[in-house]
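1. Dropping a prediction and its sequence here:
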Amino acid sequence: MTELSDQALIARVTVFGSRRAFDTLVCRYQSPLRRFLQSLTGGDNCLSDDLAQETFIKAWTQLASFKNKSSFETWLFRIAYNVFYDYIRSLKESQSIEDVEREVENLYHQRADDGSIKADVTQALGRLNPKERECIVLFFMEERQIKEIADITGLPEGTVKSHLSRGKEKMTAFLKQNGYG
Amino acid sequence: MDDEQLIRQFMLSAREDVSDSGFSARVMRHIPTMRPLWVFPVATLLVVAALAALFIWFDGWSVICSLFVRLYTAFTYAKHFSPNPIYLLVFLGLGCWYLTEKIKKLVY
C-alpha cells in the first residue's frame, strides 16, 4: 500500500476522527520528537517520553487548528517546545524568564554526567545557554532550516542566527579542547 | 574541515533513531475520543437528500427496473451465456462487500 502524505492523514483525523490515521502520524514522528525532547531534558528518557505523549495528545485535540502554514513536523515540534516550557514553568512558582532559564539549566545539568554514550554531546551542549542549545540541536541534529527553527521557538530569524553563531563558537571551542578538531 | 562541518559531524555521530518500544500504543491509549466535524454528517445528509430528490424526480426505480430487464434480456439472447440470476446476485454481493470494506478502512 502506498504511504499516505501527512495532509491526507490529517484530513482523515479532522474529518472522520480517524485514530488509525493519527496512529500512523505518531509512528512517523515519534522518533525525531522524542530525540528533540531528550536533547532539551539532557537525556532524561522518562521525562521526554511523558512530554512527547503530552505533545501528541495536544496535537490530537488541536489538529483542527493546524493551518498548513508550516509542515506538520514543525507544528508538532512547536507544540513540544511549548509543552517543555510549560513543564519548566510548573516547577517554579516564580515565572520570570531568568527563573525559567535557570530551571532549564538545572534540569539539563542534573542529567549531563550520567555516563551515557552521548556524554560528550551532552557535555558540549551543557556549555551553551538554553536558547543556544535549542537552536544548535534543531539546526545540526534535527537538520532544520533557520525559518523552521524560528517557527518552533517563536524567536525572530535574526535572533536564531545570533544564537546559532554564539553556539557554534562555544561548540567549536569545546571540540578543539577535547581533541575533535 | 571547517568549524560548521566539524560540529555537524560531531552532532550527527550522536544522532540515533529512538525505537518505538510501545510508545505509540501508549499514546493511542491515552488520546481522548474525538467527535468528527459537524460538517461531515450534515454534508452527508444534504447529499443523500439531494440524491433522493433526483431519484424521485426522474423516477429512478423504473429506470433501474428497466435496466435490469434489458440486461437480463440481453444476456438471455447472447450466445454462449447461460442466464442465471444467482450469478448476478453473487456478483452484486461481492461488489457490496468490497465497497463496504474499502469504506470501513477509509473511515476507521
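-> That came in fine, so what should we check first?
2. and B:Arg26, what does it touch?
-> A:Gln53 (CB atoms under 8 Å, 6 or more residues apart in numbering or on different chains). For every residue, glycine as well, the C-beta is placed using N, CA and C.
3. Give me the phi and psi angles of it.
-> Backbone torsions for B:Arg26, taken as degrees, to the nearest 10, come to phi -60, psi -40.
4. Show the pLDDT at it.
-> pLDDT recorded at B:Arg26 is 93.
5. Could you do A:Thr159 as well?
-> A:Thr159 is given a pLDDT of 94.
6. Now for it, how many residues are close by?
-> 15 (other CB atoms under 10 Å in any protein chain shown).
7. for it, what are its contacts?
-> For A:Thr159, counting by CB under 8 Å, 6+ apart, the contacting residues are A:Ala150.
8. ok, and for the helix or strand containing it, which residues are buried?
-> Element membership for A:Thr159, per DSSP states H and E: helix A:157-177. Across helix A:157-177, burial judged by 16 or more other CB atoms under 10 Å in any protein chain shown covers A:160-161, A:163-164, A:166-168, A:170-172, A:174-175.
9. Can you tell me which helix or strand of chain B has the lowest average pLDDT?
-> helix B:85-107 (a mean of 79; mean pLDDT, DSSP states H and E).
10. separation between the residue nearest the centre of chain B and chain A?
-> Nearest to the geometric centre of chain B sits B:Ile103, at 3.0 Å (CA atoms, centre = their mean). Counting by CB to the nearest CB, to the nearest Å, the gap from B:Ile103 to chain A is 11 Å.
11. Isn't A:Ala59 up against A:Phe77?
-> No - here A:Ala59 does not reach A:Phe77: they are 10.5 Å apart, not a contact under CB atoms under 8 Å.
12. Distance from the chain centre to stretch B:27-46, please.
-> 16 Å (CA atoms, centre = their mean, to the nearest Å).
13. And the helices in chain A?
-> Shown for chain A, the helices assigned by DSSP state H span residues A:6-16, A:19-40, A:45-62, A:72-91, A:97-111, A:119-126, A:130-136, A:146-153, A:157-177.
14. Restricting to C-alpha, output the last one in CSV.
-> In other words, helix A:157-177. Taking Å, rounded to 0.1, in the frame of the first residue of the first chain, the C-alpha atoms of helix A:157-177 are listed here in CSV:
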residue,chain,number,x,y,z
GLU,A,157,15.1,34.6,12.4
GLY,A,158,17.8,37.2,13.3
THR,A,159,17.8,36.1,16.9
VAL,A,160,18.0,32.4,15.9
LYS,A,161,21.1,33.3,13.7
SER,A,162,22.9,35.0,16.5
HIS,A,163,22.1,32.1,19.0
LEU,A,164,23.5,29.7,16.3
SER,A,165,26.6,31.8,15.8
ARG,A,166,27.4,32.0,19.5
GLY,A,167,26.5,28.4,20.0
LYS,A,168,28.9,27.4,17.1
GLU,A,169,31.7,29.3,18.7
LYS,A,170,31.3,27.6,22.1
MET,A,171,30.8,24.2,20.4
THR,A,172,34.0,24.7,18.3
ALA,A,173,36.0,25.7,21.4
PHE,A,174,34.7,22.6,23.2
LEU,A,175,35.5,20.3,20.3
LYS,A,176,39.0,21.7,19.9
GLN,A,177,39.7,21.4,23.6
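15. which residues sit in contact with residue 63?
-> Using chain A. A:Leu63 touches A:10, A:13-14, A:22, counting by CB under 8 Å, 6+ apart.
16. wait, chain B
-> Contacts of B:Val63 by CB under 8 Å, 6+ apart: none found.
17. give me the number of residues near A:Phe72?
-> By the criterion of other CB under 10 Å, A:Phe72 has 19 neighbours.
18. if I look at it, how far off is chain B?
-> Distance from A:Phe72 to chain B, by CB to the nearest CB: 16 Å.
19. My understanding was that that residue contacts A:Val13; is that so?
-> No - using CB under 8 Å, A:Phe72 is not in contact with A:Val13; the gap is 10.6 Å.
20. What pLDDT does the model give the spatially closest residue to B:Asp3 that is not a sequence neighbour?
-> Leaving aside its chain neighbours, B:Asp3 sits nearest to A:Thr172 (4.5 Å; criterion: CB to CB, 6 or more residues apart in numbering or on different chains). Looking at A:Thr172, its pLDDT is 90.
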